[in-house]
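[1] Turn this into a model:
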Amino acid sequence: MKYLHLILLTLLTMLPLGSICVAGTPTVPYIERFDIEAYLERNDSCFITIMFTLVVPKEYDTEVTALRLPLLERQDIPPREGNITRWETNQGVHLDWTQSMYLSHIMIISFDDPISPGEKRDVRISLSASKGVFVIQVPDNPKGRVFYYRFYQPNISLALESSVLRVYLPPNSILRQFQRYRDLLSPIENLLQIGDEITLGRTTVIWDLATLDVMTSERTVFSCTYSLEEVSEPQSETNTSHTGPVSAQTSLALIFALNIASALTAFVISWFIFKRGTLEAKLPTVSDIDLAKQTLDEKDLKKIEGIIGQLSSEEIEILRLLARNGGSMKQREIPLNVGFSKSKISRMLKRMENMGLVTRNLVGRTKQVNLSPAFLAYFLSKIQRMQGEGFEQNNQSAGGGI
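    Got it, this is the predicted structure:
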C-alpha cells in the first residue's frame with residue numbers, strides 16, 4: 001500500500017497525454033524525433049535500437065514521469081516462436097513490461113528524474129529478439145524470410161521530424177518477392193531508400209516515419225521479404241603458432257616478406273584496374289547495326305546474341321522486366337521489382353547502355369530507361385522468324401497428310 005500513491009501519480013501523469021498527432025506548436029508533451037534501427041541476422045534473430053526525444057512544453061503544467069509504448073501484439077495461433085531476450089536503456093531511464101488483451105509486449109518507460117515543463121529528454125532502448133519475433137520463414141522456402149515491424153502509437157502525442165525506420169538485412173541476402181506475399185516492400189509510399197551499407201556488407205531499407213499516415217494511425221506495419229544467399233566456406237587457416245619467442249632476425253625477414261607481398265599486391269591491383277578499363281572500352285556494341293532494314297539478317301542476329309551471351313543473369317532479368325513493361329520504365333522503379341540495390345542497378349544499366357542494349361533519358365528528377373531500337377528490332381526479327389518457321393512446319397504437315 002505504501003507504493004499506491006506513486007502508482008496513482010504515474011497513472012494521472014500518463015492519462016492526460018493521449019495518443020494524438022499534433023500540428024503547429026504543441027501545448028502537450030510530444031515526441032519530436034523517433035528513429036528505429038533493426039539489424040537482422042542469418043539465424044533470424046534481430047537487434048533493434050529505438051531512439052526518441054520526448055519534449056514537455058513550457059505551457060504544460062505537469063511533470064512527465066513515464067510513458068507507454070506498445071511493441072508486439074498477441075500471437076496465440078500459431079504461438080510466437082521467440083521472445084525478447086535482452087534489453088538496455090540509457091542512464092536514468094528504466095524499462096518494464098506489461099500486456100493487455102491484444103498486446104503481448106508493452107513497454108513502460110519511466111525516468112529517474114521527472115521531465116519538467118520546458119525540458120526535453122533523449123531516450124535510447126536496445127532490444128535483442130530471438131528467432132520468430134520480427135523475422136519469420138517463408139513457408140516451403142528454406143531461404144525465404146519476411147521481416148515485420150509494427151509501429152504502434154504511444155500514449156503521447158507525435159510531432160515527428162526527420163524520423164526513419166532503418167532495416168539492415170543479414171549479410172549475403174537480397175530483397176526478393178515470393179508468391180505467397182504480395183508486396184516486396186510495404187508500405188511503398190513511405191519508402192525513402194534502398195541501398196548497400198558497404199562497411200557492414202548489408203542491404204539497407206529505409207522508411208519514413210514522419211508522415212501524417214504514420215502519426216495518425218493506431219498501427220502501421222512495415223515489412224519486406226528477402227532471401228538468404230549461399231555463404232562461401234572460409235578457407236582453413238594455417239597454424240602459425242610459435243613455440244618460443246621470435247628472434248629479431250626472423251622479424252626482419254617477416255617485415256621484408258610483407259613489403260614484397262604488398263608491392264606485388266599493389267601491382268596486381270593496378271594491372272587488374274588497367275585491364276578492366278581496357279575491356280570496358282572494348283565492350284561489344286550494337287550501335288553499328290542498320291535499323292532501316294525491315295528485319296535483321298543472320299549476321300546482325302548473331303552479333304546481338306553474342307552480346308546478350310556476355311550479360312549476367314541479373315542483367316538479363318532487367319531486360320526481361322523492361323520487356324514486360326512495354327520496353328520502358330523509370331530507373332527508380334527497377335530496384336523495387338528485382339530486389340537489387342540502386343547502386344548495383346545503376347552499374348548494370350551503365351554497362352548495358354554502353355553495349356547499346358538500353359538507353360537512359362533524364363525526365364524531371366529521374367531517368368527513364370528504354371530498350372534500345374536495336375534490341376527491339378532483335379525481338380521483332382526473332383518473332384518473325386518463329387512465325388515463318390511455324391508456317392513452314394504447318395505446310396509440311398499438310399502436305400504429308402494428302
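[2] Give the other helices and strands that the helix or strand where Asn337 lies contacts.
    For Asn337, the enclosing helix or strand under DSSP states H and E is helix 334-338. Here helix 334-338 touches strand 191-197, helix 313-324, helix 342-354, going by 3 or more CB pairs under 8 Å, 6 or more residues apart in numbering; DSSP states H and E. Where C-beta positions appear, they are placed from N, C-alpha and C, glycine not excepted.
[3] which parts of whichever helix or strand comes after the first one are buried?
    In this case it means strand 191-197. Counting by DSSP H and E, the next helix or strand C-terminal to strand 191-197 is strand 202-208. The neighbour-count check on strand 202-208 (16 or more other CB atoms under 10 Å) flags 202-205, 207-208 as buried.
[4] Output the helices and strands packed on helix 334-338 in CSV; the columns should cover mean neighbour count and distance to Val123.
    Below are the helices and strands packed on helix 334-338 laid out as CSV (neighbours: other CB atoms under 10 Å; distance: least, CB to CB, whole Å):
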stretch, mean neighbour count, distance to Val123
strand 191-197, 16, 23
helix 313-324, 15, 42
helix 342-354, 17, 32
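[5] re the thing from before, which member of the buried residues of strand 202-208 is positioned nearest Gly339?
    Closest approach to Gly339 among the buried residues of strand 202-208 (CB to CB): Thr203, at 8.8 Å.
[6] Skipping its backbone neighbours, what lies nearest that closest one in space?
    Leu169 (4.5 Å; CB to CB, 6 or more residues apart in numbering).
[7] likewise Asp213?
    Nearest to Asp213 is Thr220, by CB to CB, 6+ apart, at 7.0 Å.
[8] just to revisit the earlier point, now do the helix holding Asn337: everything it contacts.
    With CB atoms under 8 Å, 6 or more residues apart in numbering as the test, helix 334-338 has contacts from 175, 184-185, 188, 191, 194, 314, 317-318, 321, 340-342, 345, 349, 369.
[9] what ranges do the strands span in the stretch 201-350 of the chain?
    For the stretch 201-350 of the chain, applying DSSP state E, counting those that start in this stretch gives strands covering 202-208, 219-228, 328-330.
[10] Least confident of the ones you listed, on average?
    The weakest mean pLDDT among these belongs to strand 328-330, with a mean of 87.
[11] ok so, going back, and which of the contacts of helix 334-338 is nearest Ser110?
    Nearest to Ser110, judged by CB to CB, of the contacts of helix 334-338 is Leu191 at 34.5 Å.
[12] In contact with that closest one, which residues are there?
    By CB under 8 Å, 6+ apart, the neighbours of Leu191 are 185, 205-208, 336.
[13] Turn those into a markdown table, including distance to Arg124.
    Putting those into a markdown table (distance: CB to CB, whole Å) gives the following:
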| residue | distance to Arg124 |
| --- | --- |
| Leu185 | 27 |
| Val205 | 22 |
| Ile206 | 19 |
| Trp207 | 20 |
| Asp208 | 21 |
| Leu336 | 32 |
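[14] Grab the two from those residues that are most spread out in space.
    Asp208 and Leu336 (15.5 Å).
[15] how about the residue nearest to Asp213, what does it touch?
    Contacts of Thr220 (CB under 8 Å, 6+ apart): 150-151, 187, 190, 213-214.
[16] just Gly92 next, same as before
    Gly92 touches 111-113, counting by CB under 8 Å, 6+ apart.
[17] Can you give me the buried ones in the strand ranked longest in the chain?
    Counting by DSSP state E, the longest strand found in the chain is strand 103-115. Neighbour counts over strand 103-115 (16+ other CB under 10 Å) mark 104-107, 109-111, 114-115 as buried.
[18] would Leu160 count as being in a helix?
    No - under DSSP: H, G, I helix; E, B strand; the rest coil, Leu160 falls outside any helix and is assigned coil.
[19] do you know how far the residue nearest to it when sequence neighbours are not counted is from Leu165?
    Leaving aside its sequence neighbours, Leu160 sits nearest to Ala210 (CB to CB, 6+ apart; 4.1 Å). Distance of Ala210 to Leu165, computed by CB to CB, to the nearest Å: 11 Å.
[20] can you list the domains in this protein?
    Per automatic domain parsing, the domain ranges recorded for the chain read 12-228, 256-281, 298-390.
[21] which of those domains has the lowest average pLDDT?
    Looking at the domains of the chain, the weakest mean confidence is domain 256-281, a mean of 60.
[22] need the contact list for Glu73.
    Shown in contact with Glu73 (CB under 8 Å, 6+ apart): 102-104, 150.
[23] Could you save the residues you listed as CSV and add columns showing distance to Pro139?
    CSV is the format used below for the contacts of Glu73 (distance: CB to CB, whole Å):
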residue, distance to Pro139
Tyr102, 25
Leu103, 26
Ser104, 23
Arg150, 21
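[24] So between Ala210 and Leu165, which is more surrounded?
    Comparing Ala210 with Leu165 by other CB atoms under 10 Å, the one with more neighbours is Leu165, at 22 against 17.
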